[in-house]
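Quick check, what structure comes out for this input:
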Amino acid sequence: MLSLIAIAKNEAAEITAFLEHHRDLFDEMVLVDTGSTDDTVALAEAAGARVLHHEWDDDFAAARNASLAAATGDWAFVLDIDERIARSDFSTLREATLGSRDHCYLCAQWNYYNRQEHQEWQPVSGRYPDEERGQTGFFAAEQYRLLPVRDGLYWEGRVHEDLAPSMERLGLTAALLEVPVHHYGYVGSKEHNDARNEFYGRLVRRKVQENPDDWKARLELAYILIQEGRARESIPWLEELHAHQGDGPILSRVRVMLAKLYAEDDRIDEALQVMQRTTRENPDWLFGWTGRLQLMLSQKDYSAAEPVLNEAKRRFGEDPLLLKIECQILVNTRRIVEAIPVGRRVTELIPSLPEYALIADKCEALARKAGML
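Down below sits the predicted model:
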């Protein structure tokens with residue numbers, strides 16, 4: 001038996017569509033309401049959900065734990081109201097519940113985001129046409145979503161809550177489930193995003209005050225400061241974290257953020273050193289390579305960028321983000337004939353980037369005019 005668990009507050013506009021969409025996926029739907037003043041509760045109950053009430057105390061972990069405690073299934077799947085699972089993935093998710101209950105499953109949360117400045121932005125691929133409709137790209141974050149329902153498993157942390165400590169105590173291991181969670185929380189209006197950032201900023205600051213030695217909480221605050229336009233206040237923390245030995249996505253993200261801030265302050269050599277360390281210590285993280293290459297391209301250092309690009313291509317193959325960079329290098333070094341198939345291939349792989357086909361057309365026209373074709 002599989003339980004959907006979710007928390008909500010004032011989601012009357014979305015709750016019915018959310019529950020109806022997922023009706024065939026779950027055996028029960030458990031909604032924890034944290035103080036709605038609209039019709040969220042009545043609409044959820046009308047759609048078949050079991051609704052519990054939980055007083056909000058600026059603590060996501062507490063609300064999530066209430067939802068998990070109420071689940072009666074063998075497994076629980078965690079979703080927010082602004083998220084969807086594609087119907088084409090329903091069977092894959094259900095099949096995972098037939099396996100060992102010694103795992104908690106990670107899913108990639110695809111955060112749709114239509115501005116390319118995010119360090120881990122990637123274009124939509126067309127794999128999920130319904131879910132991707134109207135979106136140009138996203139950034140991904142792995143999160144625990146499919147959980148065995150058992151005593152002793154719970155989240156910790158007021159915000160950006162963490163399941164890993166209780167998993168370790170119970171001896172549960174992590175497994176990756178190839179089912180993306182489509183998240184639309186970042187594609188609202190500027191007013192919506194500003195309010196969201198202010199809300200999370202307040203919770204993160206409380207988290208840091210309560211746990212001043214928690215380096216993950218301090219990293220979360222660094223993100224908030226950057227969003228608030230106060231990025232330079234985060235540099236000392238990022239530098240302290242950067243000094244740690246080790247690899248993994250968290251330290252890699254720290255280093256990319258720090259390199260970007262160094263570059264904005266014209267500390268280019270330091271930024272390049274940080275990015276070199278990123279690709280050396282976490283060579284299987286694509287965005288370390290793309291960040292390093294983009295920094296080199298911003299300095300028009302095309303000759304030095306090319307061998308770095310070739311190394312990245314050996315690791316990741318025909319990745320469209322690397323092909324974009326290759327096209328930029330070829331155009332800027334006037335190898336327009338070579339740029340033609342690369343530009344067309346980018347648009348072929350990623351239809352949401354038609355500008356690269358246009359670049360290829362311009363290169364072909366110039367090459368024909370110069371007698372190169």
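
Okay, Asp74 and Ser166: tell me how far apart.
According to CB to CB, to the nearest Å, Asp74 stands 18 Å off from Ser166. Where C-beta positions appear, they are placed from N, C-alpha and C, glycine not excepted.

in this structure, which residue is closest to the centre?
Ala140 (2.5 Å; CA atoms, centre = their mean).

Trp56 reaches Asn10, doesn't it?
No: using CB atoms under 8 Å, Trp56 makes no contact with Asn10, being 11.1 Å away.

What residues of stretch 355-373 count as buried?
Tyr356, Ala357, Ile359, Ala360, Cys363, Glu364, Leu366, Ala367 (16 or more other CB atoms under 10 Å).

Quick one: residues contacting the closest residue to Glu210 other than its chain neighbours.
With CB to CB, 6 or more residues apart in numbering as the criterion, Glu210 has its nearest non-adjacent residue at 7.4 Å, and that residue is Arg158. By CB atoms under 8 Å, 6 or more residues apart in numbering, the contact set of Arg158 is Asp58, Asp59, Phe60, Ala61, Leu203, Arg206, Lys207, Glu210.

count of residues packed around the last one?
Counted with other CB atoms under 10 Å, residues neighbouring Glu210 total 11.

Next: the fourth one.
Burial measure for Ala61: 17 neighbouring residues, criterion other CB under 10 Å.

Would you agree it is in contact with Leu163?
No: between Ala61 and Leu163 there is no contact under CB under 8 Å: 9.2 Å.

For the longest helix anywhere in the chain, enumerate the helices and strands it packs against.
The longest helix of the chain (DSSP state H) is helix 190-210. Helix 190-210 makes packing contacts with helix 215-227 when contacts are defined by 3 or more CB pairs under 8 Å, 6 or more residues apart in numbering; DSSP states H and E.

May I see the buried residues of the helix it packs on?
In helix 215-227, counting by 16+ other CB under 10 Å, buried: Ala217, Arg218, Leu219, Glu220, Leu221, Ala222, Tyr223, Ile224, Leu225, Ile226, Gln227.

Quick one: name whatever helix or strand follows it.
Later in the chain than helix 215-227, the nearest helix or strand by DSSP states H and E is helix 235-242.

ok, and what's touching that next one?
Against helix 235-242 from outside (CB under 8 Å, 6+ apart): Trp215, Arg218, Leu219, Leu221, Ala222, Leu251, Val254, Arg255, Met257, Leu258, Leu261, Val274.

Identify, from these, the entry nearest to His22.
Leu219 (32.3 Å; CB to CB).

Would you check how far apart the closest one and Glu20 are?
Distance from Leu219 to Glu20, by CB to CB: 38 Å.

How about Val204?
34 Å.

Closest one of the buried residues of helix 215-227 to Leu4?
Glu220 (27.1 Å).

my guess is the closest one meets Gly157, correct?
No: using CB under 8 Å, Glu220 is not in contact with Gly157; the gap is 9.5 Å.

which neighbours do the two share?
By CB under 8 Å, 6+ apart, the residues touching both Glu220 and Gly157 are Lys207.

ok, back up a step: quick one: which of the buried residues of stretch 355-373 sit in strands?
Taking DSSP state E, every one of the buried residues of stretch 355-373 sits outside strands.

about what we covered before: the contacts of Arg158: which two are farthest apart?
Distances among the contacts of Arg158 were taken as CB to CB; the most separated pair is Phe60 and Glu210, at 14.0 Å.

Run through who's touching stretch 243-262.
Contacts of stretch 243-262 (CB under 8 Å, 6+ apart): 119-120, 216, 219, 222-223, 226, 231-232, 234-235, 238-239, 241-242, 268, 270-272, 274-275, 277-278, 281-282, 285, 287-288, 291, 295.

Please read the previous query as pertaining to stretch 316-328.
Stretch 316-328 is contacted from outside by 122-123, 286, 289-290, 293-294, 297, 305, 309, 312-313, 339, 342-343, 345-346, 349-350, 353, 356, 359, using CB under 8 Å, 6+ apart.

Ok, stretch 269-279 next?
Contacts of stretch 269-279 (CB under 8 Å, 6+ apart): 242, 252, 255-256, 258-260, 262-263, 285, 288-289, 291-292, 295-296, 308.

What about these, which are in helices?
242, 252, 255-256, 258-260, 262-263, 288-289, 291-292, 295-296, 308.

Now which of those residues would you call buried?
242, 252, 255-256, 258-260, 262-263, 288-289, 291-292, 295-296, 308.

quick one, domains of the chain?
Residue ranges for the domains of the chain, per automatic domain parsing: 2-183, 318-373.

Having no further points to raise, I will conclude here.
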